[in-house]
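A.B. asks: starting from these lines, generate the structure:
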Amino acid sequence: MRDSTPSLVVLVGATATGKTRLALEVAREFEAPLELISLDSRQIYRGLDLGTGKPSLEERQELPHHLVDIIDPDERFDAGRYRRRVEELLPGLFARKVTPIVVGGAGFYLRALQEGFFDLPEDPELLAELRREWKQLSGEELSRRLHEVDPERAAQLHPNDRYRLERALEIHALSGKSMSELAREFRPSPVVGLKLRVFHLQETRWKLHAKIASRAEQWLHGGWIEETRELLQKGWGRDSPGLSILGYREIVSFLENPGPSEELFERVLVSTRRYARQQEIWFRKTEVELRATPENPALKSQLLKALRESASS
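C.D. replies: Okay, the predicted model is just below:
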């Protein structure tokens with residue numbers, strides 16, 4: 001007997017595995033309106049196009065994409081905000097009789113949809129003030145402050161891990177409770193009560209490395225450096241969250257200290273391969289319905305089956 005719980009189909013995979021291409025193929029065979037919700041922590045930034053593998057305008061016209069180009073490069077966007085945006089988006093899609101498919105490689109965003117996060121009050125003014133203060137502090141001082149309010153979490157973090165140190169301090173400032181205390185009280189809850197049906201698109205290591213190298217070379221020769229230079233000229237600093245992401249940070253460093261283009265290519269290649277490896281490790285630990293390579297026809301057929309069941313639930 002089929003589970004009657006409403007479902008949400010999710011396609012995940014490391015960078016350069018071909019997730020968007022597969023989603024487009026599925027959309028062409030799906031008999032009802034289908035729209036894509038991006039599960040990507042880089043394509044959210046406006047102006048960062050080449051180096052994030054952002055779908056083309058033609059692809060977005062063929063298969064409407066959501067949560068792409070939603071913030072400026074100097075804005076922060078975390079998994080909690082991502083989940084809230086999806087929660088706001090889904091009821092409208094369902095009201096229009098649209099079947100959503102979530103596609104991307106951000107494992108932490110996937111966890112946000114599967115489990116949720118602490119329900120924290122919002123106080124942008126307080127956070128802005130705290131972040132200005134923390135920017136002036138060393139990692140050791142941030143660690144010392146976290147030890148005072150959450151020694152358990154502080155013991156897990158290196159002083160160089162500023163992002164997580166600041167996040168733990170933010171949680172305490174907003175909630176009045178330590179992150180460790182909230183974690184013990186937390187009960188997972190899938191987004192809007194849906195059952196997430198996750199499919200993992202894999203690629204052999206040598207093929208993935210070849211795809212990453214080919215794509216990086218194409219982007220670097222196709223205007224990625226010029227795109228980054230224009231972003232800097234518009235006033236987005238190297239410390240902007242958008243310009244700190246994979247690829248762009250290497251190009252910013254290259255523009256500040258020019259060297260052989262071959263060295264830039266190699267730095268981008270190494271960083272991207274490392275990122276892909278981290279994604280694969282995350283998704284191998286994730287419970288999925290099917291793991292398959294792009295050549296496996298079962299993946300597309302099973303995706304279509306799951307989408308049809310989602311549409312009828």
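A.B. asks: could you use CA atoms for every contact and neighbour count after this?
C.D. replies: Fine.
A.B. asks: can you list the buried residues in the helix or strand where Leu165 lies?
C.D. replies: Leu165 belongs to helix 162-175 when elements are defined using DSSP states H and E. Neighbour counts over helix 162-175 (16 or more other Cα atoms under 10 Å) mark 162, 164-166, 168-173 as buried.
A.B. asks: then stretch 30-48?
C.D. replies: For stretch 30-48, by 16+ other Cα under 10 Å, it's 30, 34-45, 47-48.
A.B. asks: out of those, flag the one nearest to Gln233.
C.D. replies: When the buried residues of stretch 30-48 are compared for distance to Gln233 (Cα to Cα), Gly47 wins out at 12.4 Å.
A.B. asks: which residues sit in contact with the closest one?
C.D. replies: Under the criterion of Cα atoms under 8 Å, 6 or more residues apart in numbering, the neighbours of Gly47 are 69, 72-73, 227, 231.
A.B. asks: report the secondary structure state of it.
C.D. replies: coil (DSSP: H, G, I helix; E, B strand; the rest coil).
A.B. asks: phi and psi next, for it.
C.D. replies: phi 90, psi -20 (degrees, to the nearest 10).
A.B. asks: how far away is it from Val86?
C.D. replies: Between Gly47 and Val86 the computed distance is 22 Å (Cα to Cα, to the nearest Å).
A.B. asks: picking up where we left off before, check the buried residues of stretch 30-48 and tell me the two furthest apart.
C.D. replies: The distance between the two most remote of the buried residues of stretch 30-48 (Cα to Cα) is 31.2 Å, for Phe30 and Gly47.
A.B. asks: about what we covered before: show me what the helix holding Leu165 packs onto, helices and strands only.
C.D. replies: Packed against helix 162-175 by the contact rule (3 or more Cα pairs under 8 Å, 6 or more residues apart in numbering; DSSP states H and E) you find helix 124-135, helix 139-149, helix 179-185.
A.B. asks: which one is Val191 nearest to, not counting chain neighbours?
C.D. replies: Leu113 (5.1 Å; Cα to Cα, 6 or more residues apart in numbering).
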